[in-house]
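*Asks:* Predicted coordinates and the sequence they were generated for:
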Amino acid sequence: MGIVSRQSERKRRVKDRHLRIRSILWLFALLVAGALAPATADAQQSTTQKLEAIRAQMEKGQAFYIAGQYEKAIQEFDTGYAQYKYSAFLFNAGVCATKLNNVDKALEKFRRYVQVDPGAPDIEKVKERIGKLEAAKAAAVPAPPVATDGGIEGGATGVEGGVVDAGPAKINITDQVDDMRSLVVIETDPTGAPLTLFRKTTASAPEFKVGAANAGWTRVTSVRAPANVTLAVGDYHVVVEKFRDFNVSSTEVRIEPGKVLHFKANLSQGAFMAFLRVSANTDGAHIYLDDDRKKRPEWGRTPYGELIPAGEHSLLVEKPGFQSLRRKVMVKHGDQTEIQVKLERVPYGIVRVISQVPKFSVSIDEEPVGVWNNGEPVFERQVDAGQHKIKITSSGRKTWKGLIDVPRGQVLPVRATLIPKQPRGGAWTFALLSAASIGTGVYLGITSDDLHKELKSDREAGVLDQNDSRVDKGRFLALGADGAFAIGGLFAVVSAINFIKDPLPESSAQYDELADFHDPLVDPPKEQPDPAGIRRPPHMRGAPPGPAAPGAMNHVKRGKLARKNRAPERQKKPKKPPRISIAPGVSNRGGGIVLGGTF
């Protein structure tokens, strides 16, 4: 019994050890899978972004080629090849050089094509093209010379024999848009599967069937995935041969000129994934695929394309300033689907007001819409698209009024320069002095008249003394009245001039270039210059419009900031215009400007 017991214990320990080892191995496998999953996703994302960049570069060159701007097309194709070593760029640059009759450059591009892609499906045709170019160049006969009067006496000089060389002969080599090549990238999951490409060589050939004779179809190349192939325009069929335990997969391919196509076969499903590319009438629009509630990060930004499973998908495309677009899209296995959407702008815009003053108020269509104070985010208000009246006011400044045309889905920046109002203190001072002088004149005139009446009454009664002092007093009062009237009149004129005349210009505004709505998913708020005439503390200079960071103002004293804000205003305050300044002494009895006094 003891021996049996020991054997059972030994077996149990061995079994426990095996279980622990298997648990450790499973845990290790899970950790490795977890570490590789993000790397695989990153690699897929990197491939997608790379192909999108290649596609954009190819489309730029193709657009210039179609427009007949062959030099620019060559530059784009050369840039594409410098960044991404795909032979399709070389071939297309050679076609553009041929269009320019630049045979040397065309030969350079085609020879380079043969050198870097010796297994290209069209390699023999490219070599044939090179031979034709070389033969045409060698056999080219210069164009007949143009006769001049150089051989005639008194005619042109400096041209031997009186002829001018008309330049190199033109070599007629015709290329069409369909001669441009496209780049086709083919992947398989798992990778390494053998691929065979067939091209339809007879227009009436029946549909390609794997394993059949397929008359009218020609094999063009055999490669292993992942592969990139440069193909001419035409109909092709890609066959993924039997690989490991996976069955054969295939798909049709239609090649258009100057394109970049991406195919991927999921061998476990026995079918190719679909490719969907979405472009819009505005770049940078956000695309959400099967995510109407936007719970996941965006799928991409227009223009953008990626491999997706076959079937029906929901598409959401949106961008600030545009109305959102939703639609369903159906893609089949191996399809290369490209969707062009048109986004409509929203029926309103944003009015952005900037001014050099520390505080202003804005009214639109006679309705107050807000007040801005220095240190706050830039003043912006949503306004219906169309024409509106706008008024900007500030204390001590001249009001500016104008008409604005608010665009749909864009920002209209209005930069207002509010001019200080002309001070009226001097005008009121002269008005008061004028009133005092006039009052004094009236008083002196009335007193003079009273004395005159008394003297007249005494003269008639025969009791007037020839040396009566009232005579001199009356004369002085009359003269004083006349002087007060004159001074009062002068003060009145000066006061009127100061009330009417304003040497400062009116307030004005200019409209800056229209801007798009800010997109918080693309960039943080764009840095904008501080409004003219307003200084911000160092930590806020160049700060974009928007709420200030919490605590951003804590270490700046408000009084100090206010002084900084007022300093430029004092420096820019216009000089006061010269004005007449007369300030005679005035008694507490007043004065006047009424002409009077009978002495």
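*Replies:* Here it is on my side, so go on. Residues are numbered from 1 along each chain as shown.
*Asks:* Show me the helices in the protein, by range?
*Replies:* Here the chain has its helices, by DSSP state H, at 2-66, 70-83, 87-99, 103-116, 123-139, 425-461, 469-500, 558-572.
*Asks:* Residue 391 is in contact with residue 398, isn't it?
*Replies:* No - counting by CB atoms under 8 Å, residue 391 sits too far from residue 398 to count as a contact (11.6 Å). Quick note: C-beta positions are derived from backbone N, CA and C, even for glycine.
*Asks:* how does the protein divide up, domain by domain?
*Replies:* Per automatic domain parsing, the domain ranges recorded for the chain read 22-135, 181-203+212-272, 274-341, 348-417.
*Asks:* could those be laid out in a markdown table, adding distance to residue 493 and mean pLDDT?
*Replies:* Shown next, in a markdown table, are the domains of the chain (distance: least, CB to CB, whole Å; pLDDT from 0 to 100):
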| stretch | distance to residue 493 | mean pLDDT |
| --- | --- | --- |
| domain 22-135 | 72 | 82 |
| domain 181-203+212-272 | 82 | 90 |
| domain 274-341 | 59 | 93 |
| domain 348-417 | 25 | 94 |
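*Asks:* Which one, of those, ends up nearest to residue 433?
*Replies:* domain 348-417 (25.0 Å; CB to CB).
*Asks:* So what would you say the end-to-end distance of the closest one is?
*Replies:* 26 Å (CA to CA, to the nearest Å).
*Asks:* How far off centre is that domain?
*Replies:* A distance of 22 Å separates the centroid of the chain from that of domain 348-417, by CA atoms, centre = their mean, to the nearest Å.
*Asks:* in stretch 216-234, what counts as buried?
*Replies:* 217, 220, 221, 225, 227, 228, 229, 230, 231, 232, 233 (16 or more other CB atoms under 10 Å).
*Asks:* From start to finish, how long is that stretch in a straight line?
*Replies:* End to end - CA to CA - stretch 216-234 spans 13 Å.
*Asks:* do stretch 249-261 as well
*Replies:* 18 Å.
*Asks:* got the contact list for residue 290?
*Replies:* Residue 290 makes contacts with 313, 314, as judged by CB atoms under 8 Å, 6 or more residues apart in numbering.
*Asks:* Taking the chain centroid, which residue in this structure is the extreme one?
*Replies:* In terms of distance from the mean C-alpha position of the chain, residue 462 ranks first, at 103.0 Å (CA atoms, centre = their mean).
*Asks:* Do you have the strands of the stretch 201-350 of the chain handy? List them.
*Replies:* For the stretch 201-350 of the chain, strands defined by DSSP state E, counting those that start in this stretch occupy the ranges 217-224, 227-231, 234-240, 249-255, 260-266, 271-272, 274-280, 286-289, 300-301, 304-308, 311-318, 325-331, 336-341, 348-355.
*Asks:* In JSON lines: these, plus distance to residue 443.
*Replies:* Formatted as JSON lines, these follow (distance: least, CB to CB, whole Å):
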{"stretch": "strand 217-224", "distance to residue 443": "117"}
{"stretch": "strand 227-231", "distance to residue 443": "109"}
{"stretch": "strand 234-240", "distance to residue 443": "113"}
{"stretch": "strand 249-255", "distance to residue 443": "108"}
{"stretch": "strand 260-266", "distance to residue 443": "101"}
{"stretch": "strand 271-272", "distance to residue 443": "111"}
{"stretch": "strand 274-280", "distance to residue 443": "86"}
{"stretch": "strand 286-289", "distance to residue 443": "84"}
{"stretch": "strand 300-301", "distance to residue 443": "86"}
{"stretch": "strand 304-308", "distance to residue 443": "92"}
{"stretch": "strand 311-318", "distance to residue 443": "82"}
{"stretch": "strand 325-331", "distance to residue 443": "85"}
{"stretch": "strand 336-341", "distance to residue 443": "88"}
{"stretch": "strand 348-355", "distance to residue 443": "51"}
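*Asks:* picking that back up, of all the domains of the chain, which one comes closest to residue 492?
*Replies:* Residue 492 lies closest to domain 348-417 among the domains of the chain, at 26.1 Å (CB to CB).
*Asks:* Can you check which of the domains of the chain gets nearest to residue 438?
*Replies:* Going by CB to CB, the one of the domains of the chain nearest residue 438 is domain 348-417, 31.6 Å.
*Asks:* number of nearby residues for residue 125?
*Replies:* 11 (other CB atoms under 10 Å).
*Asks:* Report the contact partners of it.
*Replies:* For residue 125, counting by CB under 8 Å, 6+ apart, there are no contacting residues.
*Asks:* Flag every buried residue along stretch 283-302.
*Replies:* 285, 286, 287, 288, 289, 298, 299, 300, 301, 302.
*Asks:* Kindly export it (C-alpha atoms) in PDB.
*Replies:* Written as PDB, here are the backbone C-alpha positions of stretch 283-302 (Å, rounded to 0.1, in the frame of the first residue of the first chain):
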ATOM      1  CA  ASP A 283     -11.000  68.700 -47.800                       C
ATOM      2  CA  GLY A 284     -10.600  67.700 -44.200                       C
ATOM      3  CA  ALA A 285     -14.200  66.700 -43.500                       C
ATOM      4  CA  HIS A 286     -14.600  64.100 -40.800                       C
ATOM      5  CA  ILE A 287     -15.800  60.600 -41.900                       C
ATOM      6  CA  TYR A 288     -17.400  58.200 -39.500                       C
ATOM      7  CA  LEU A 289     -18.100  54.700 -40.700                       C
ATOM      8  CA  ASP A 290     -20.800  52.600 -39.000                       C
ATOM      9  CA  ASP A 291     -20.600  55.100 -36.100                       C
ATOM     10  CA  ASP A 292     -23.500  57.600 -36.400                       C
ATOM     11  CA  ARG A 293     -23.200  58.500 -32.700                       C
ATOM     12  CA  LYS A 294     -19.500  59.100 -33.000                       C
ATOM     13  CA  LYS A 295     -18.500  56.900 -30.100                       C
ATOM     14  CA  ARG A 296     -15.300  55.900 -31.800                       C
ATOM     15  CA  PRO A 297     -12.500  58.000 -33.400                       C
ATOM     16  CA  GLU A 298     -13.200  59.200 -36.900                       C
ATOM     17  CA  TRP A 299     -12.600  56.800 -39.700                       C
ATOM     18  CA  GLY A 300     -10.700  59.400 -41.700                       C
ATOM     19  CA  ARG A 301     -10.800  62.800 -43.300                       C
ATOM     20  CA  THR A 302     -11.700  63.600 -46.900                       C
END
